[in-house]
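Novice: Pasted the sequence and its predicted model underneath.
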Amino acid sequence: MAEVGQQHPIKVYFLVWGLLFVFSIASYMVDYFEFKEHLRWFLIVVFMLLKAGFIVAVFMHMKWERPTLITAILVPPLVLLVLMYLLAFEADYAWASRIVYFGGEVDPIPLPPPTHAAVPH
Amino acid sequence: MAEAAQTNQGPLTTIVDDWSSDVTTFKAVPWGKAMMWIFLLSDTFIFTSFLVSYMAVRMTQTDAWPYPSEVFSLEAFGTPVPLLLIAIMTFILITSSGTMAMAVNMGYRKRKVAVFWLMFATAMLGASFVGMQAFEWTKLITGEGVKAWQNPMGAPQFGSFFFMITGFHGLHVSAGVAYLLIVAIRVLRGKYDNTSFEIVEITGLYWHFVDLVWVFIFAFFYLW
Amino acid sequence: MATAEIPYQETAPLHHPKTWIGKYVFSQDHKVIAVQYGITAIAVGLVALFLSDLMRIQIAYPEFMDWFVEDYYYQAITMHGMIMVIYLLTAFLLGAFGNFTVPLMCGARDMVFPFVNMLSYWVYLISVIILLLGYIPGLGGPTGAGWTLYPPQTITEGTPGADWGIMTMLASLAVFIVAFTMGGLNYITTILQARTRGMSLMRMPLTVWGIFVATFLGLLAFPALFVSAIMMILDLKIGTSFFMPAIVSMGQTLAHDGGQPLLFQHLFWFFGHPEVYIVALPAFGVVSDLISVHARKNIFGYRLMVWALVFIGILSFIVWAHHMFVAGMHPYFGFFFATTTLIIAVPTAIKVYNWVLTLWKANIKLTVPMLYALSFVLTFIMGGITGLFLGNVIIDVPLSDTYFVVAHFHMVMGVSPILAIFGGIYHWYPKLTGRMLNDTIGKWHFWITFLGTYIIYFPMHYLGFIGVPRRYYENFDSSFYPASAQLLNEVITWTALFVGVAQLLYIGNLVHSYFYGKPAGDNPWGANSLEWCTPDTPPSHGNWGDKLPTVHRWAYDYSVPGSDKDFIPQTVPQGQSS
Amino acid sequence: MRKILDHHVAILLGIVVVGSVIFNVWSPWQFTEIASNWEFIDFTVKVTWWICGVAFVLLGLFMAWAIWRYKYHESGESHYEPEHPVLESWLTIITSIGVVIMLAPGLIVWDDYVQVPPDAMEVEVLGEQWTWKFRFPGEDGIFGTTSVKKNVERGLDGTTFEPNITSLNPFGMRDGDPHGEDDILIASNVLHLPLDRNIKVVMRSKDVLHNFWVPEIRAKMDMVPGMITYFWFRPTRTGEFEILCAELCGRSHHNMRGTMYIDTQEDFEAWLDSQVTWAEMKAGQVPEEPIVAKGRQVADQNGCFACHSLDGTSVVGPTWQGLWGREVVLDDGSTVIADEAYIVESIVEPNVKLVEGFGSVMTPYAFEDDEMEALLRFLQETAK
């Protein structure tokens, strides 16, 4: 098998092709039925990861590669999760400081007394 | 080495064996393919940096963030359908991924005419994707008044990130179309007749990656 | 795909260039590309050296150069920093050393894609030209924002070069990243997929290991810089607000709104910290090899050295915000980043121990490359331990933005890698040209450079202790430090001028020895690694003649008991000694 | 002598190490005397200094000794020992212990540094190119909110806004926020603070990154436009201290200085009482003649106030207070009366006649006649 490269039954391509359509429709439905907040985010991420997983695994033949290549390509992006998590953490902090000290945007609005929640005492 | 992949040793042992061996680390992976994979890894960091920046800036906004579902809706049969064009674009890209996968498969069967037409179809689907994106940009700029630096519906960064991220993705698609056409023509002319058709697989890796990025953009920009 | 298993000569026949241009200008030979990279990097490095001397004169004698106004000073700071970090150190260590050593030490005929490799150099040259365009009269001069390019000041009126200067800088960086990617993909693929028979990763010399890990870091870290450069160009030219909140610049309220300046800093340092190791790790590798060869002893703890490189590489992606302890980021980040930063100290210390322990019970030849390597270790210890001050979040508070920081990073990623580069050039010059460099000039240059830089940067730490702030065009009399600080500044400046001029010795040596140097022979240092086993010196195109070498042992079999010579090249089968 | 020459490398390396120690002991350049509660920072520095210093000396001397002892001999042979797991493990463990000893106190102090005591008194530091301003929250103890722009209106034809930070509202106080009325505004770069009170410094920037730093206090933090940063400290001795900007902020970064006085409680209160609140500042602003108001607007829009103050402080350029008609000393030592001709020349060709003590950093300006007239009228009024 491996001697002649990545050659696989055509059936599996059609199967994945179909599945990608199904997942796309499903994530589209998430929007159409206006799911909100956590359920929405959860479903979006699930369908996104399913689609991405099938594309990488079958279309990009990752499923048939040796574990050496798979780990070498899929492990390094994990550091990006650290970046993502920390920047999200900080964005909340910066947002709170804007609300407390700049009072949000647009016209002056009646403000509650600052709680200084942004800055830990 | 073909046997090594088939034997029943665990993945960890395989990894250790491969990394400890001489000559090649990624067994049965040609140079070009290894290089493309590493390039795609680097490109992943580019797109993720874009998306993480988008997240960080959007979360810091005190201005309203427009509801993309409404912004990108399209009139069809008299009623606005949310994200209609985006849905079509998504399906086009998935379809092109399918034709590309078939082209790779045909390539390893050395059916070069089939490879040519499948790659050509992939390129045309990609070109129509770029065309629709151009339409969407026009609609957003002239119709909704969203510019890269301003946005009548709220935070100006909505337009900035939209144009930057989809633009950068669009550039990847356009480059991919050119790349596909060049390789397709070379295949047809018989440049690879005496060697392997791995170039088709390498092109395919790039094209699937472009599709993969769209999956993330679709989820985080249009649906979130 | 059986083809991938067979090393170079069976798969891709080399096309030897016929014309002079094909051989020396648009050459696809990795050795020629290495020289091109090296010469360009040294040339642009001399510009940076000149700028640093101008800055030093200004700091010590603010009245001396009337024409050297604030703008020129801040532009010099920026250009000096950026050139040294990117266009000299990164380009030299990876572009020149990477190109020269990787195929030779791995036993490949060339890089896997020589054409892309050639493009890499030409794109790099373009990036250097774009960078220097900033100095063209009429464009308002290069940017003076400091090499960190922090917005908003980078693109607002109060900073020199806020319109075209910054544009050329960002464009040049983006082009450089393209060049680096083309080169880097080649190095990685060559190391992973095109080693010769018997050359397992754990038999590779540490130079290749250092270059390998550093290139990997570069491919994953430069994207963050690329992205932030694009976003800043858009902020500057299109008027977006990625990094720009609503601000009042020079009395004008700008149209920007709602951007986040800290995001740029995070992206910049997500690139910037790995960048430190992109410069440091190849230097680690080169020095490990130099010490082992010239001490006639195996490198101590090879496996630990490799794992330390890998571990440092991985950790370098989760320590970035230690550059931002007082940048106003989320206060709790201090705990996380101080901890990860100090953890990095452990593998780094192990590397230092192993270099020092290699000297123990060795048979040390004090050749000129060895002198550079030894001085690297001492300088690096100094730079490393001052890093422990700055990495420990609370100590960073009084010391950041002072001369302590300047002293620290010049020791650790300015002087140290440059000493490694000097040593490396000295070591490989005989293989590259077939002639030895002149020892007397080499020793003079070494002592002036090593002692000189030590006199420049060691006292500078104390300027930081007393609180002299960095990036000041002039220091007026401040109440919180003694006036004698100015005396220290003058000493530093005189030394810097002397050391700066002395670099001409090295360049003169390179040129002179090319024509008149002593013939070197194939293996003047008695070294084991593959590059000394080439059939020709200098190696011809394709490196290995008819047959690729086969590797039978690691690169550090020096003074093996029972062998008649004190070195056994990698090509000698096990059980034989020569 | 022969031996010294033979071993000159080892000897010189040894001299470098020993010389570093001697320099450290005899150097007059040490941390300046502390004036705040952050002695623990100095203690942490000492801990790190000792551990690192010992490591440096040991490694350096070991190297010098090894080079001396194992210098090359034709007959000499080095010891073949690729690895020594026991030694390597011990070195790793000892290093890790050293790292923990340095890190632990550091993290404890950092925890202190980021947690402001609840009784802390607040003061806002406002940074701008290239000077400082300060604000106290007034009687209600709460800062009024601020903004850079007001009246943001969005439309298809573009976003419009009106500046909120002007020479009449230098702090960008938001209209209609009741907490802002009693805020005490100090529009100069001189700050007074009381002794022995916990003080939370809240930091804001109008334009670019700055960094509020008083070396004797030890603490510092960047000021980031678009958000608020903070640190806290407790002054422990009275006196006059220099405020520096420690983050590169443009061409006059080195000129961004200020003065902080630590006073006794009574002195501080007396000083604070003599300052104006936002309400008083607004009330005191008598309506100007239209042409003077226009001149102020011209100056505002062209950024003159970035470098020229109206209150007598020297920033980047000379102050405009009392300028009109005064005799000024030029940098070549000659004097000139600042009449209309001289002032016009200084606007159009600013670097020809420089006032003593100021650099040639101003760009030439070309105004329409009516703008120039209004500006000159404004300057004339300001001088009064």
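Specialist: Looks like it arrived, so ask away. Numbering: from 1, shown residues only, chains lettered A, B, ... in the order given.
Novice: what about the longest helix belonging to chain A and chain B, any contact?
Specialist: For chain A, the helix with the greatest residue count under DSSP state H is helix A:78-102. Yes. Against chain B, helix A:78-102 shows contacts by CB under 8 Å from any CB of the partner chain at A:80, A:83-84, A:87-88, A:90-92, A:94-95, A:98-99, A:102. To be clear about C-beta, it is placed using only N, CA and C from the backbone, and glycine gets the same treatment.
Novice: buried residues in that helix?
Specialist: Within helix A:78-102, the residues scored as buried using 16 or more other CB atoms under 10 Å in any protein chain shown are A:79-80, A:83, A:86-87, A:89-91, A:93-102.
Novice: Looking at it now, give me its mean pLDDT.
Specialist: Averaging pLDDT along helix A:78-102 gives 91.
Novice: Can you give me the end-to-end span of stretch C:401-414?
Specialist: 17 Å (CA to CA, to the nearest Å).
Novice: List phi and psi for B:Lys33.
Specialist: phi -70, psi -40 (degrees, to the nearest 10).
Novice: before we move on, back to that, so which of the residues of helix A:78-102 next to chain B would you say is closest to chain C?
Specialist: Ranked by distance to chain C (CB to the nearest CB), these are led by A:Glu90 at 4.3 Å.
Novice: nearest residue to that closest one other than its sequence neighbours?
Specialist: C:His330 (4.3 Å; CB to CB, 6 or more residues apart in numbering or on different chains).
Novice: ok, now D:Val114?
Specialist: D:Val114's closest residue in space is C:Pro331 (CB to CB, 6+ apart), at 3.8 Å.
Novice: quick one: the residue positioned nearest the centre of chain A from B:Phe161, how far?
Specialist: Closest to where the C-alpha atoms of chain A average out (CA atoms, centre = their mean) is A:Val45, at 5.2 Å. Distance of A:Val45 to B:Phe161, given as CB to CB, to the nearest Å: 19 Å.
Novice: Please apply the same query to C:Asn543.
Specialist: From C:Asn543 over to B:Phe161 the distance is 49 Å, taken as CB to CB.
Novice: likewise A:Phe89?
Specialist: 20 Å.
Novice: C:Pro430: what's it in contact with?
Specialist: Residues in contact with C:Pro430, defined by CB atoms under 8 Å, 6 or more residues apart in numbering or on different chains, are C:436-437, C:520-521, C:524-525, C:537.
Novice: Could you confirm D:Ile262 falls within a strand?
Specialist: Yes. According to DSSP: H, G, I helix; E, B strand; the rest coil, D:Ile262 belongs to a strand.
Novice: Now do the contacts for the closest residue to it other than its chain neighbours.
Specialist: Distances taken as CB to CB, 6+ apart place D:Pro235 nearest to D:Ile262, at 4.3 Å, with adjacent residues excluded. D:Pro235 is in contact with D:35-36, D:193-197, D:199, D:217, D:262, counting by CB under 8 Å, 6+ apart.
Novice: these two touch, right, B:Val57 and C:Leu263?
Specialist: Yes. Between B:Val57 and C:Leu263 there is a contact under CB atoms under 8 Å: 6.3 Å.
Novice: Next, show the common contact partners of these two.
Specialist: Common neighbours of B:Val57 and C:Leu263, counting by CB under 8 Å, 6+ apart, are C:Phe242.
Novice: Can you check the pLDDT for residue 56?
Specialist: With no chain named, the answer covers chain A. pLDDT, A:Val56: 92.
Novice: other chain: chain C
Specialist: 94.
Novice: Helix or strand for it, just tell me which one.
Specialist: helix C:30-60 (DSSP states H and E).
Novice: in that helix, what's buried?
Specialist: For helix C:30-60, by 16+ other CB under 10 Å, it's C:30-38, C:40-42, C:44-49, C:51-53, C:55-60.
Novice: just to revisit the earlier point, so how far is D:Ser27 from the residue nearest to the centre of chain A?
Specialist: 58 Å.
Novice: Now find how far off-centre stretch C:56-65 is within its chain.
Specialist: Centroid displacement of stretch C:56-65 relative to its chain, using CA atoms, centre = their mean, to the nearest Å, is 29 Å.
Novice: Next, see if that stretch gets close to chain D.
Specialist: No. For stretch C:56-65, no contact with chain D is found by CB under 8 Å from any CB; the gap never falls below 9.9 Å.
Novice: Next, the distance between the ends of that stretch.
Specialist: 11 Å.
Novice: Show me what it is in contact with.
Specialist: Under the criterion CB under 8 Å, 6+ apart, residues C:54, C:68, C:73, C:473-475, C:486, C:489-490, C:492-494, C:496-497 lie in contact with stretch C:56-65.
Novice: now stretch C:345-354
Specialist: Outside stretch C:345-354, the residues that reach it (CB under 8 Å, 6+ apart) are C:284, C:288, C:299-301, C:304-305, C:307-309, C:311-312, C:315, C:377, C:380-381, C:384, C:387-388, C:391, D:59, D:88, D:91-92, D:95-96, D:99.
Novice: if you look at those residues, which of them are in strands?
Specialist: Among the contacts of stretch C:345-354, no member falls in strands (criterion: DSSP state E).
Novice: Can you list which of these are found in helices?
Specialist: Per DSSP H, the subset of the contacts of stretch C:345-354 in helices is C:284, C:288, C:304-305, C:307-309, C:311-312, C:315, C:377, C:380-381, C:384, C:387-388, C:391, D:59, D:88, D:91-92, D:95-96, D:99.
Novice: Just the buried residues of the residues you listed.
Specialist: Among these, those classed as buried by 16+ other CB under 10 Å are C:284, C:288, C:304-305, C:308-309, C:311-312, C:315, C:377, C:380-381, C:384, C:387-388, C:391, D:59, D:88, D:91-92, D:95, D:99.
Novice: ok, back up a step: beta partners for the residue nearest to D:Ile262?
Specialist: D:Ser36 (DSSP bridges).
Novice: And for B:Glu75?
Specialist: B:Pro80.
Novice: State the pLDDT value of it.
Specialist: 71.
Novice: Please list the outside residues in contact with the helix or strand of chain A with the lowest mean pLDDT.
Specialist: Taking mean pLDDT, DSSP states H and E as the measure, chain A has helix A:10-32 as its least confident helix or strand, at a mean of 87. The contact list for helix A:10-32 (CB under 8 Å, 6+ apart) reads A:40, A:43-44, A:47-48, A:50-51, A:54-55, A:58-59, B:69, B:82-83, B:87, B:90-91, B:94-95, B:97-98, B:101-102, B:105, B:218-219, B:222-223.
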